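Colleague: coords please:
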Amino acid sequence: MLENLSERLQGIFSGLRGKGRLTEDDINQAMREIRMALLEADVNFKVVKTFIANTKERCLDAEVLESLTPAQNVIKIVLDELTELLGRTDSKLVLGSRIPNVIMLVGLQGSGKTTAAAKLAYRLLQENHQPLLVACDVYRPAAADQLETLGDEIGVRVYRGEGKDPVKIATEGIQDAIDSLRDVVIIDTAGRLHVDEEMMAEAENIKRAVKPDQILMVVDAMTGQDVVNVAAAFAERVDFDGVIMSKMDGDARGGGALSIKQVTGKPIKFISSGEKPDSLEEFHPDRMAKRILGMGDVVSLIESAAKIEAEEMEAEAAERMMRAQLNLNDFLDMNKQIRKMGGVSKLVAALPGGDKAMSQGQVDESALDRMEVIIHSMTLQEREKPDLLNGSRRARIAAGAGVQVSDVNQVIKKFNETKKMMKQFMPADDGRGRKGKKGKKGRRRRSLPGMGSMSMADMKKMQDMFKDLDK
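Modeller: Purely as a prediction, here's the structure:
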């Protein structure tokens, strides 16, 4: 989503960087190209007009044109305006003191409400809440069955009720939550293929009956301009509090995501990509703006690493990792960490230029799978002592894994590169021959190597780590 826009904008900025000084004509030409890029990405025309006017006015300031790095100043201004367009500040889901809190989901049929309800329940579950899902879509065939299946997968109870009255099911669901000591209720309402009076009236009746603390509208990011019109209609009738933007991994132009905040005044609270329960993420306007401009999202990458850091490992393995004295078993563990962070594609996409590398096919997403197959074809002794891997051993491993010897050589090469990278980012020795902090029970905590201190060159190395193993 938005890859084409990102590529276009990066191309425009590359042209600006090639000029030592910028004239008013240069700015005007760049603004025309940015306007076309936004319109082609299906961003609302009025939003584009306002965005270009504000950006152009700031870029034509004398301090910008006469500075030593005018191109960098222009990029900074575009970043600021794009962040403003997306919402400027984060808009987190804030739960009140009411027990249970009631969250109502609305939206068109096919927007992903039921899946979003389950993902939101899973997220709340991870935050130590006890959610209850309530199935109020009594029209779509098997809608309640779908929600119950998703609830079973994540370990969250679903209240289905009886009959065909969604208002009655919603109120009964809240009482069920009180009886079963659940602190959050998520109501999955029915949708239609398009906005109609019956759907709006039903949403208003449920809202009036349950008095939700939060109303979130689920919108399909792939619907383009239509998403803005639908959101405006819902904002007028049910006055929702925020948006969950689903299907952000689709291949549509995605301009609706850039338009919805400005058109409706309602913030995007979450974005969702993929089908996994943990794929619902808080929306950060500044991080999204940087992603669009090809600057990566290293902050989110570090946050993902921090979640993994909370897990503990055996002291002996931790000591090896902190001293960058890894073996191939540790390399397998690191691969598992990358999977927990969303896999190779998500990791590389968060790095500056990563989206472009992914779109050009420079990153092999199956690299981790091949690495694991090859390492599992080794003996325990070979994994613990990689220096034993001479030519004959590598040939045997290749035959066992069903790959070429060159593939085995590439895995060993990547392993050695990882060891070198970890040595660069290890914290300073504490004077007692130890590095890092201890977790509970004296065990050292698992940590990805100092991502906060990575340079652009280091990030490029990390991208290269996941390029096609045959290269």
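Colleague: helices or strands next to the top helix by length along the chain in the packing?
Modeller: Looking across the chain with DSSP state H, the single longest helix is helix 405-425. If you count contacts as 3 or more Cβ pairs under 8 Å, 6 or more residues apart in numbering; DSSP states H and E, helix 405-425 packs onto helix 328-340, helix 367-376, helix 391-401, helix 456-465. The way it works is simple: take the backbone N, C-alpha and C, and place the C-beta from them, glycine included.
Colleague: ok, Phe51 - contacts?
Modeller: The contact partners of Phe51, taken as Cβ atoms under 8 Å, 6 or more residues apart in numbering, are Leu38, Val43, Glu81, Leu82, Leu85.
Colleague: closest one of those to Asp137?
Modeller: Proximity of the contacts of Phe51 to Asp137 (Cβ to Cβ) peaks at Val43, which lies at 31.4 Å.
Colleague: quick check: the closest one touching Ile260?
Modeller: No: using Cβ atoms under 8 Å, Val43 and Ile260 do not qualify as a contacting pair, with a distance of 10.3 Å.
Colleague: can you map out the strands along the stretch 101-250 of the chain?
Modeller: 101-106, 131-135, 158-159, 184-188, 214-220, 242-246 (DSSP state E, counting those that start in this stretch).
Colleague: what's in contact with the first one?
Modeller: Translated: strand 101-106. Residues outside strand 101-106 that contact it (Cβ under 8 Å, 6+ apart): 93, 95, 113, 116-117, 120, 174, 183-189, 191, 203, 206-207, 210-218, 234, 238, 240, 244.
Colleague: go again using 7 Å as the cut-off
Modeller: Residues outside strand 101-106 that contact it (Cβ atoms under 7 Å, 6 or more residues apart in numbering) are 95, 113, 116-117, 174, 183-189, 203, 206-207, 210, 212-218, 234, 238, 240.
Colleague: domain ranges for the protein, per the record?
Modeller: Segmentation of the chain into domains, based on automatic domain parsing, reads 3-86, 101-285, 298-465.
Colleague: please identify the most buried of the ones you listed.
Modeller: Of all the domains of the chain, domain 101-285 carries the top mean neighbour count, a mean of 20, counting by mean count of other Cβ atoms under 10 Å.
Colleague: give me the below-cutoff pLDDT ranges for the stretch 51-200 of the chain.
Modeller: In the predicted model of the stretch 51-200 of the chain, residues 65, 68, 90, 193 satisfy pLDDT under 70.
Colleague: can you show me the helices along it?
Modeller: For the stretch 51-200 of the chain, the helices defined by DSSP state H, counting those that start in this stretch occupy 62-65, 70-86, 113-126, 143-154, 166-179, 197-210.
Colleague: which of the helices and strands packed on helix 405-425 has the lowest average pLDDT?
Modeller: Looking at the helices and strands packed on helix 405-425, the lowest mean pLDDT belongs to helix 456-465 (a mean of 50).
Colleague: Leu258 contacts Glu84, doesn't it?
Modeller: No: using Cβ atoms under 7 Å as the test, Leu258 is too far from Glu84 to be in contact (11.2 Å).
Colleague: can you list the residues that contact stretch 204-212?
Modeller: For stretch 204-212, contacts defined as Cβ under 7 Å, 6+ apart pick out 102-104, 136, 166-167, 170-171, 174, 187, 189, 215, 237-238.
Colleague: could you identify the most distant pair in these?
Modeller: For the contacts of stretch 204-212, with distances taken as Cβ to Cβ, the pair at the greatest spread is Ile174 and Arg237 (21.9 Å).
Colleague: go ahead and confirm Phe234 touches Met217.
Modeller: Yes: counting by Cβ under 7 Å, Phe234 touches Met217, with 5.3 Å between them.
Colleague: can you list residues touching both of those two?
Modeller: The contact lists of Phe234 and Met217 share Val106, Phe240, where a contact means Cβ under 7 Å, 6+ apart.
Colleague: check contacts around the closest residue to Asn73 other than its chain neighbours.
Modeller: When the adjacent residues along the chain are set aside, Asn73 lies closest to Val64, with 4.6 Å between them (Cβ to Cβ, 6 or more residues apart in numbering). Going by Cβ under 7 Å, 6+ apart, Val64 touches Pro70, Asn73, Val74.
Colleague: just Asp220 next, same as before
Modeller: Contacts of Asp220 (Cβ under 7 Å, 6+ apart): Gly110, Ser111, Gly112, Val227, Ser246, Lys247.
Colleague: mind checking how far it is from Arg157?
Modeller: Applying Cβ to Cβ, to the nearest Å, the value for Asp220 to Arg157 is 27 Å.
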